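>>> From the sequence below, what's the structure:
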Amino acid sequence: MPKEGELTYLAQLGDLGRSHSLQKPFSDTDAGMQLASIGFIMALLPRPPARVLDLGCGGGWTSTFLARAGYDVVGQDIAPDMIDLARENAALNGLAPRLSFLCSDFESLMMDGQFDAAIFFDSLHHAEDEGLAIASAWRSLRPGGLLITHEPGEGHSIEPASLEAMARYGVTERDMPPRLIVQRGLDAGFRHARVLPMPVHLFSLFYRDRGPPPPLFSKARYLRIRRAWRMFFKPDMALGSIVVLTK
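Here you go, the predicted structure:
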């Protein structure tokens, strides 16, 4: 069963995989965009010391970043060895007072009204039932709380890396476009949804084949870009995106 693959994933990766997970995001080839994405998400969150639930946290790098920024964080993952690794990560960063971890299935959490925000950072597409996972997040939030997802769009499940992961490790790799997340969120009881572009898409839009970005935007240039974006960008409901759902 796919959840068995999630439970044994770290053990199958071995020592190199464990080391890679401990050093994330800097061990990833797209570390720059990973950092941009977590920064974007942090800008959307309520201000610290808001309480945040990091769903499917794996080795805990996102939880660690949030705790370092002053958030009160609970990281959740289904795999006990991932939770052990995340706790090691927290200890290495001296974050024990603001960071704790929970081993559980995010499709059946019962943490009613304990959090100001919840996050799925590249983890919801591993769910067997995304509706149950989003409903669990809804229950965990206080009134007015936010669920923020950062997930791939249509076609993710048939990418070569996804096919290899499913064949080799038995994990779940699914398409998770914003249209699906928004619908499941509304079904769960969320009142409002926004679809935002991932930083990688913004980077590609403005800087592809134009060299590196300037060190600092002028206010006038920033306003021109914002106006152009609002006029011409219509969220592609099939494209990987950041979705913000409000309870």
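>>> partner residues bridging the spatially most central residue of the chain?
With distances taken as C-alpha atoms, centre = their mean, F121 lies nearest the centre of the chain, 0.9 Å away. Residues in a beta bridge with F121, per DSSP bridges, are H150.
>>> So that it lines up with my notes, have the first residue be 29 from now on.
New numbering, starting at 29: the last item is F149.
>>> Hmm, W89 and it touching each other?
No - at 9.2 Å, F149 and W89 do not qualify as touching, with contact defined as C-beta atoms under 8 Å. All C-beta atoms are positioned from the backbone trio N, CA, C, and that covers glycine.
>>> Can you measure across stretch 208-226, start residue to end residue?
By C-alpha to C-alpha, to the nearest Å, the extent of stretch 208-226 from end to end equals 17 Å.
>>> for that stretch, what is the average pLDDT?
Per-residue pLDDT values over stretch 208-226 give a mean of 96.
>>> quick check, distance from that stretch to the centre of its chain.
Offset of stretch 208-226 from its chain centre (C-alpha atoms, centre = their mean, to the nearest Å): 15 Å.
>>> residues touching the residue nearest to the centre of the chain, list them.
Contact partners of F149, counting by C-beta atoms under 8 Å, 6 or more residues apart in numbering, are S65, I66, I69, D82, G84, T90, H178.
>>> What are the boundaries of the strands in this structure?
Using DSSP state E, the strands of the chain run over 79-83, 100-105, 127-131, 143-149, 169-179, 220-225, 269-274.
>>> which residues does T177 contact?
Residues near T177 by C-beta under 8 Å, 6+ apart: I147, F148, L152, M204, I209, I270, V271, L273.
>>> circling back to that earlier point, could you dump the contacts of F149 to TSV with distance to A189 and neighbour count?
Shown next, in TSV, are these (distance: C-beta to C-beta, whole Å; neighbours: other C-beta atoms under 10 Å):
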residue	distance to A189	neighbour count
S65	18	20
I66	21	20
I69	23	23
D82	23	31
G84	18	23
T90	20	29
H178	17	24
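>>> Neighbour count for the contacts of T177 - can I get that in TSV?
Shown next, in TSV, are the contacts of T177 (neighbours: other C-beta atoms under 10 Å):
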residue	neighbour count
I147	29
F148	27
L152	26
M204	28
I209	26
I270	22
V271	26
L273	26
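>>> Now tell me which helix or strand of this structure has the poorest mean pLDDT.
Lowest on mean pLDDT, DSSP states H and E among the helices and strands of the chain sits helix 247-260, with a mean of 60.
>>> Which one of the contacts of F149 is nearest to H229?
S65 (10.7 Å; C-beta to C-beta).
>>> Thanks a lot, catch you later.
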